[in-house]
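In: Fold the following, please.
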Amino acid sequence: MKILIGTNNKNKLAQFKRTLEKLVPDWEIVSLAEAGVDFDVEEDGDTLLHNAQKKAREYAESSGLFTIADDTGLFVDALGGEPGIHAKRWAQGSSHDRCLRLLERLKDVPEKERTVQYRAVMAAYDPEKEKSYVAETVVDGLIVDEPKGENGFGYDPIFFVNQLGKRFAELSKDEIDSISHRTIGAKKVIEDYLNENE
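Out: Numbers count the residues shown, from 1 in each chain. Predicted structure coming up:
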């Protein structure tokens with residue numbers, strides 16, 4: 001069986017591949033480029049669920065392949081949930097620029113009050129049965145001042161993961177995969193699919 005990974009983000013693609021190679025080693029994992037899919041799905045919804053399901057469905061319908069995709073947001077309690085689902089589009093520039101803007105917005109907020117969540121919705125879509133599978137996951141942490149680490153992307157250099165005592169970007173790949181919202185969500189939707197299609 002083939003599974004299409006519905007992202008053009010190389011970091012997400014690598015993490016999805018690691019997860020799926022362990023979870024369904026006999027499946028053929030296909031990137032958008034390998035499937036000849038050369039467009040980005042517009043994330044125009046006002047919820048993570050809408051965007052994740054839209055990406056999975058549109059890429060699946062275009063390729064004819066079972067497809068998995070996600071949408072993730074960063075929710076900072078002290079900012080009323082900003083940047084939220086618009087985390088990538090919240091500020092102009094690079095990921096580093098967005099981290100700096102977030103730190104600027106939080107400069108007067110004590111660190112212990114900088115609670116934050118990565119919230120993600122994972123969606124898979126089976127174009128043959130026109131069936132969607134969905135999982136919602138959360139990782140809790142704190143926004144810390146000094147960006148550190150080389151292994152993450154986005155806000156990972158300033159997202160301190162409570163349960164591991166490090167920033168996301170300081171974690172090894174195995175540590176990331178053990179707690180990541182993306183890994184846990186992917187496992188859930190694939191397991192739901194397998195349970196229905198054994």
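
In: Who are the contact partners of Asp26?
Out: Met1 (C-beta atoms under 8 Å, 6 or more residues apart in numbering). (Glycine included, C-beta is placed from N, CA and C.)

In: do the same with Leu49
Out: Contacts for Leu49 (C-beta under 8 Å, 6+ apart) come out as 71, 121, 123, 134, 136.

In: Kindly export the helix or strand harbouring the second one (C-alpha atoms) in PDB.
Out: Read that as Val121. Assigned by DSSP states H and E, Val121 belongs to strand 115-126. Taking C-alpha atoms only, strand 115-126 is exported to PDB below (Å, rounded to 0.1, in the frame of the first residue of the first chain):
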ATOM      1  CA  THR A 115       2.700  28.600  29.400                       C
ATOM      2  CA  VAL A 116       2.200  27.300  25.900                       C
ATOM      3  CA  GLN A 117       0.800  24.400  23.900                       C
ATOM      4  CA  TYR A 118       1.500  22.900  20.500                       C
ATOM      5  CA  ARG A 119      -1.900  21.800  19.400                       C
ATOM      6  CA  ALA A 120      -2.200  19.600  16.300                       C
ATOM      7  CA  VAL A 121      -4.800  17.900  14.300                       C
ATOM      8  CA  MET A 122      -3.700  14.900  12.200                       C
ATOM      9  CA  ALA A 123      -6.000  13.900   9.400                       C
ATOM     10  CA  ALA A 124      -5.800  11.000   7.000                       C
ATOM     11  CA  TYR A 125      -8.100  10.500   4.000                       C
ATOM     12  CA  ASP A 126      -8.900   7.400   2.000                       C
END
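
In: Packing partners of the next helix or strand after it?
Out: In the C-terminal direction, the helix or strand that comes right after strand 115-126 (DSSP H and E) is strand 131-143. On a contact count with 3 or more C-beta pairs under 8 Å, 6 or more residues apart in numbering; DSSP states H and E, strand 131-143 meets helix 48-63, strand 115-126, strand 159-161, helix 181-196.

In: Paired strands for strand 131-143, with orientation please.
Out: Strand 131-143 has its sheet partners listed here by DSSP bridges as strand 115-126 (antiparallel), strand 159-161 (antiparallel).

In: and it with helix 181-196, angle?
Out: Orientation check (axes from the mean of the first three to the mean of the last three C-alpha atoms, to 10 degrees): strand 131-143 against helix 181-196 gives 160 degrees.

In: Sort out which residues of strand 131-143 are buried, please.
Out: Buried residues in strand 131-143, counted by 16 or more other C-beta atoms under 10 Å: 133-135, 137, 139, 141-143.

In: cool, stretch 27-44 as well?
Out: The neighbour-count check on stretch 27-44 (16+ other C-beta under 10 Å) flags 29-32, 35, 37, 41, 43 as buried.

In: got the end-to-end distance for that stretch?
Out: End-to-end distance for stretch 27-44: 31 Å, by C-alpha to C-alpha, to the nearest Å.

In: For that stretch, give the mean pLDDT please.
Out: Stretch 27-44 carries an average pLDDT of 94.
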